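**Q** Sequence plus the predicted model coming up.
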Amino acid sequence: MDADPTVARRRSSRLPWMLVMLLLWSGLALGALSLGSSQHRVFHDLLSEQQLLEVEDLSLSLLQGGGLGPLSLPPDLPELDPECRERLLDFANSSAELTGCLVRSARPVRLCQTCHLLFQQVVVKMDNISRAVGNTSESQSCARSLLMADRMQIVLVLSEFFNNTWKEANCANCLSNSSEELSNSTVYFLSLFNQTLTCFEHNIQGHANSLLQPKNYSEVCRNCQEAYKALSSLYSEMQKTNEHENKAEPGTHLCIDVEDAMNITRKLWSRTFNCSVPCSDTVPVIAVSVFILFLPVVFYLSSFLHSEQKKRKVILPKRLKSSTSFANIQENSN
């Protein structure tokens with residue numbers, strides 16, 4: 001049953017006086033404590049109990065709207081409709097799953113091969129928020145409320161973070177079929193990578209128990225050489241193919257999963273096991289080396305022959321000889 005308006009106005013006018021009375025009673029209580037007599041302590045106890053009752057009545061009247069009118073939210077407070085709130089919750093759940101996947105796959109790097117389905121799911125949820133389905137005013141209001149209503153723009157910032165992370169990882173170079181599955185070359189590379197690591201593991205088990213002896217990984221270098229060469233050759237082919245397909249974007253990399261796997265393998269092969277791959281084209285290397293060694297000999301021989309031609313003696317002509325002898329004869333006859 002609704003309260004009488006006249007009574008409500010009287011109760012609302014009594015509230016300030018009730019607050020003043022409470023303050024006065026509190027002052028009297030403090031004065032009673034300073035006197036220290038038992039009579040005042042009893043009065044203080046009664047006053048405190050009465051004060052608590054008055055405060056309790058005041059709080060109940062405020063909660064029930066007595067004297068102050070019914071409590072209601074401001075009319076300009078933003079409130080999401082159920083469909084918009086459902087879109088926001090879907091994006092939140094997808095973002096949480098993708099964030100957990102990215103962190104779990106950070107080391108060793110497995111971002112693209114593990115989290116590509118979750119990333120596509122986040123992209124779909126973001127599209128549901130940003131686009132106006134059916135060009136309705138409700139969907140446009142939902143997009144404005146979630147993406148542009150405040151300075152932080154949490155949903156938009158989070159979506160841009162996921163997009164930038166995916167782009168910097170170059171995951172598109174490892175995926176195919178609209179980024180829904182790994183490409184064939186990536187699957188083959190990861191298979192060879194796992195085979196190479198398995199070969200490393202099997203050939204170092206014999207040295208795990210011999211702690212006193214120096215580590216010798218000659219068996220790893222000998223038995224895993226073919227697997228390492230196959231993996232390295234495939235990586236080089238994938239790099240050339242990527243550069244050929246991305247001519248407009250120089251310096252593009254393979255996806256971070258492939259690069260990290262190859263870096264791990266090379267560090268194990270060269271630094272940990274101290275292995276090296278011998279060059280198979282020995283004949284051309286030897287021929288070029290011999291040619292370079294004989295270049296100084298050829299140079300000095302040609303220089304010597306050229307200087308000998310300049311040192312040839314000058315031979316006088318016969319006519320010059322006869323005139324010279326005739327002049328000597330005339331000189332003797334005189």
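**A** Cool, got the structure.

**Q** Show me what the mean pLDDT comes to for stretch 163-174.
**A** Predicted confidence along stretch 163-174 averages 95 (mean pLDDT).

**Q** What are the contacting residues of it?
**A** Taking C-beta atoms under 8 Å, 6 or more residues apart in numbering as the criterion, the residues outside stretch 163-174 that touch it are 102, 111-113, 116, 119, 179, 182-183, 186, 242, 252-258. (Each C-beta comes from the backbone N, C-alpha and C, glycine too.)

**Q** Could you do stretch 217-229 as well?
**A** 192, 195-196, 199-200, 203-204, 206-207, 265, 269, 272-277.

**Q** Now the buried members of those.
**A** In the contacts of stretch 217-229, burial by neighbour count holds for Leu192, Thr196, Cys199, Phe200, Asn203, Ile204, Thr265, Trp269, Phe273, Cys275, counting by 16 or more other C-beta atoms under 10 Å.

**Q** Can you tell me the closest non-neighbouring residue to the third one?
**A** Leaving aside its sequence neighbours, Cys199 sits nearest to Cys224 (C-beta to C-beta, 6 or more residues apart in numbering; 4.1 Å).

**Q** if I look at that neighbour, how far off is Ala106?
**A** Cys224 sits 27 Å away from Ala106 when distances are taken as C-beta to C-beta, to the nearest Å.

**Q** before we move on, what about Met148?
**A** For Met148 relative to Ala106 (C-beta to C-beta), the value is 32 Å.

**Q** now Ser276
**A** Distance of Ser276 to Ala106, given as C-beta to C-beta: 31 Å.

**Q** burial count for Pro108?
**A** 10 (other C-beta atoms under 10 Å).

**Q** Local confidence estimate at the nearest residue to it once chain neighbours are set aside?
**A** The shortest distance from Pro108 to any non-neighbouring residue, by C-beta to C-beta, 6+ apart, is to Asp260 (6.2 Å). pLDDT, Asp260: 96.

**Q** Asp260 and Cys112 touch, don't they?
**A** No - distance between Asp260 and Cys112: 10.3 Å, which falls outside the contact criterion (C-beta atoms under 8 Å).

**Q** Neighbour count: these two, which is higher?
**A** Taking neighbours as other C-beta under 10 Å, Asp260 and Cys112 compare with Cys112 leading, 24 against 16.

**Q** and the nearest residue to the more buried one once chain neighbours are set aside, how many neighbours?
**A** Closest residue to Cys112 apart from its sequence neighbours, by C-beta to C-beta, 6+ apart: Cys171 at 3.7 Å. Per other C-beta under 10 Å, the neighbour tally for Cys171 reads 21.

**Q** How about the one 10 residues further on?
**A** For Glu181, the number of neighbouring residues by other C-beta under 10 Å comes to 14.

**Q** So it sits against Gln120, correct?
**A** No - counting by C-beta under 8 Å, Gln120 is not a contact partner of Glu181; they are 10.6 Å apart.

**Q** Show me the strands in the chain, by range?
**A** Under the criterion DSSP state E, the chain contains strands at 175-176, 181-182.

**Q** Could you export those strands as TSV, including distance to Val290?
**A** As requested, the strands of the chain are arranged in TSV below (distance: least, C-beta to C-beta, whole Å):
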stretch	distance to Val290
strand 175-176	49
strand 181-182	48
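
**Q** Identify whichever of those lies nearest to Arg144.
**A** In terms of C-beta to C-beta, the element of the strands of the chain nearest to Arg144 is strand 175-176, at 33.1 Å.

**Q** list the helices and strands that closest one packs on?
**A** Counting contacts by 3 or more C-beta pairs under 8 Å, 6 or more residues apart in numbering; DSSP states H and E, strand 175-176 packs against strand 181-182.

**Q** partner strands of the strand it packs on, parallel or antiparallel?
**A** Sheet partners assigned to strand 181-182 using DSSP bridges are listed as strand 175-176 (antiparallel).

**Q** So which residues make contact with the strand it pairs with?
**A** Cys112, His116, Glu181, Leu182, Ser183, Asn184, Thr186, Cys255.

**Q** And these, which of them are buried?
**A** By neighbour count, with 16+ other C-beta under 10 Å, the contacts of strand 175-176 hold Cys112, His116, Leu182, Ser183, Thr186, Cys255 as buried.

**Q** From those, pick the one nearest Ile129.
**A** His116 (21.0 Å).

**Q** residue contacts, that closest one?
**A** Cys171, Leu175, Ser179, Glu180, Glu181, Leu182.

**Q** Dump those residues into JSON lines; add distance to Phe291 as well.
**A** Putting these into JSON lines (distance: C-beta to C-beta, whole Å) gives the following:
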{"residue": "Cys171", "distance to Phe291": "48"}
{"residue": "Leu175", "distance to Phe291": "49"}
{"residue": "Ser179", "distance to Phe291": "52"}
{"residue": "Glu180", "distance to Phe291": "55"}
{"residue": "Glu181", "distance to Phe291": "52"}
{"residue": "Leu182", "distance to Phe291": "48"}
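
**Q** can you list the weak-confidence ranges in the stretch 101-250 of the chain?
**A** Under the criterion pLDDT under 70, the flagged ranges of the stretch 101-250 of the chain are 132-140, 206-215, 246-250.
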